[in-house]
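Trainee: I'll drop the sequence and a predicted model, then ask my questions.
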Amino acid sequence: MQLRFSKMHGIGNDFVVLDCRRDGFALDATQIRALGDRRTGVGFDQLLSVEPARDPSCAFYYGIWNRDGSLSGQCGNGVRCVAAWLHRAGALALGDQVLLESPSGPVTVCLLATNEVAVDMGEPVFEPARIPFVAEAAADRYEIRAGDDMLQIGAVSMGNPHAVVVLNDPDDPAQMQLGPLLSTHERFAQGANTGFVQQLDRGHLRLRVYERGAGWTRACGTGACAAMAVLHQRGEVDDRVQVELPGGTLRIDWTGPGHPLWMTGPAAFAFEGEWTVPAPKA
Ligand SMILES: N[C@H](CCC[C@H](N)C(=O)O)C(=O)O
């Protein structure tokens, strides 16, 4: 079987996008991993499906899978790519604001230009049980055991779980071990995407993210939202922050609790292709 796909990226966080508007999504975890293999398949950080909405108030649904075949609830760079993909498909006009349905609920997207998208990512969730993260009460810092050391982290959900670690030295080699360690830490029952953030000033952050199910990425949209939200909650950043990631920069706007958080950034097409779905093993 041949499967047509679009390869896209949001500042280097890369995606395979499948048009599942007519026939739905039908790949199993083994096939997703095969498609995600960068040598024998196509390769992606996340696979995105565009499907009919289940919620009648939304225009379309998008599904999200990591390279290892696991599910995710949200993808910030991915939703911008879905919006640009829908625009190219004639289903979303420039300047339109529409609701798209993610696995974790509706988000509003606004196409500012063919390759620039703003997204209302909803309100950051700090309540531990809803991240989910094991803690007695919500706090803006938690002490957590990482190997032999104790570490301070922030924890937040943007529709998916995030751990945020403030680092003074962006090249601190400790993050190489801490990324995988925190992403599978027992206090995050569903794992976590782990961001290492350096604060340049009240409006500029530098961030690297080790993603749950995908490893180190050039960028993570929800990770940028999470880093901004955690530092905003601590009173350390202003309401508008530029987040520099290895692959480029995102703008995050948030005025605080009770308000949605907006993420703005680019979305790009790389190429179109056709992948041969491997036959199931007998
Ligand atoms: N790259 C995505 C996040 C993927 C999150 C995924 N790794 C998870 O398991 O939640 C972003 O731009 O927000």
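Mentor: Thanks, I have it.
Trainee: mind listing what residue 215 touches?
Mentor: Counting by C-beta atoms under 8 Å, 6 or more residues apart in numbering, residue 215 touches 67, 179-180. For glycine as for every other residue, the C-beta is placed from the backbone atoms N, C-alpha and C.
Trainee: Where does residue 65 fall, secondary structure wise?
Mentor: Residue 65 belongs to strand 60-66 when assigned by DSSP states H and E.
Trainee: which secondary structure elements does that strand contact?
Mentor: Contacts defined by 3 or more C-beta pairs under 8 Å, 6 or more residues apart in numbering; DSSP states H and E place strand 60-66 against strand 46-52, helix 76-88, strand 97-102.
Trainee: one step back: what about burial for the contacts of residue 215, which qualify?
Mentor: Buried by 16 or more other C-beta atoms under 10 Å: 67, 179, out of the contacts of residue 215.
Trainee: would you turn the contacts of residue 215 into JSON lines with distance to the ligand?
Mentor: Shown next, in JSON lines, are those (distance: C-beta to the nearest ligand atom, whole Å):
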{"residue": "67", "distance to the ligand": "9"}
{"residue": "179", "distance to the ligand": "12"}
{"residue": "180", "distance to the ligand": "13"}
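Trainee: got JSON lines for the contacts of residue 215, with pLDDT and distance to residue 52 too?
Mentor: Shown next, in JSON lines, are the contacts of residue 215 (pLDDT from 0 to 100; distance: C-beta to C-beta, whole Å):
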{"residue": "67", "pLDDT": "98", "distance to residue 52": "25"}
{"residue": "179", "pLDDT": "96", "distance to residue 52": "36"}
{"residue": "180", "pLDDT": "97", "distance to residue 52": "37"}
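Trainee: Tell me the one of the contacts of residue 215 nearest residue 240?
Mentor: The shortest approach to residue 240 among the contacts of residue 215 belongs to residue 179, at 27.6 Å (C-beta to C-beta).
Trainee: Can you classify that closest one as helix, strand or coil?
Mentor: helix (DSSP: H, G, I helix; E, B strand; the rest coil).
Trainee: ok, it touching residue 217?
Mentor: No - with contact defined as C-beta atoms under 8 Å, residue 179 does not count as touching residue 217 (10.5 Å).
Trainee: joint contacts of the two?
Mentor: Shared contacts of residue 179 and residue 217 (C-beta under 8 Å, 6+ apart): residue 210.
Trainee: Tell me the spacing between the closest residue to residue 135 other than its chain neighbours and residue 3.
Mentor: With C-beta to C-beta, 6 or more residues apart in numbering as the criterion, residue 135 has its nearest non-adjacent residue at 4.2 Å, and that residue is residue 128. According to C-beta to C-beta, to the nearest Å, residue 128 and residue 3 sit 40 Å apart.
Trainee: what do you get for residue 202?
Mentor: Distance from residue 202 to residue 3, counting by C-beta to C-beta: 46 Å.
Trainee: do residue 262 as well
Mentor: 34 Å.
Trainee: Also residue 36?
Mentor: As for residue 36, its distance to residue 3 is 13 Å (criterion: C-beta to C-beta).
Trainee: So which of these two has more stuff around it?
Mentor: A direct count of neighbours by other C-beta atoms under 10 Å for residue 36 and residue 3 places residue 36 higher, at 23 against 17.
Trainee: Not including adjacent chain positions, what is the nearest residue to that one?
Mentor: Of all residues not flanking residue 36 in the chain, residue 67 sits nearest, at 4.1 Å (C-beta to C-beta, 6+ apart).
Trainee: residues near residue 88, how many?
Mentor: 12.
Trainee: Look up the pLDDT of it for me, please.
Mentor: Per-residue pLDDT puts residue 88 at 97.
Trainee: who's the residue lying closest to it once chain neighbours are set aside bridged to?
Mentor: Nearest residue to residue 88 in three dimensions, chain neighbours excluded: residue 269, at 7.4 Å (C-beta to C-beta, 6+ apart). Counting by DSSP bridges, residue 269 forms beta bridges with residue 8.
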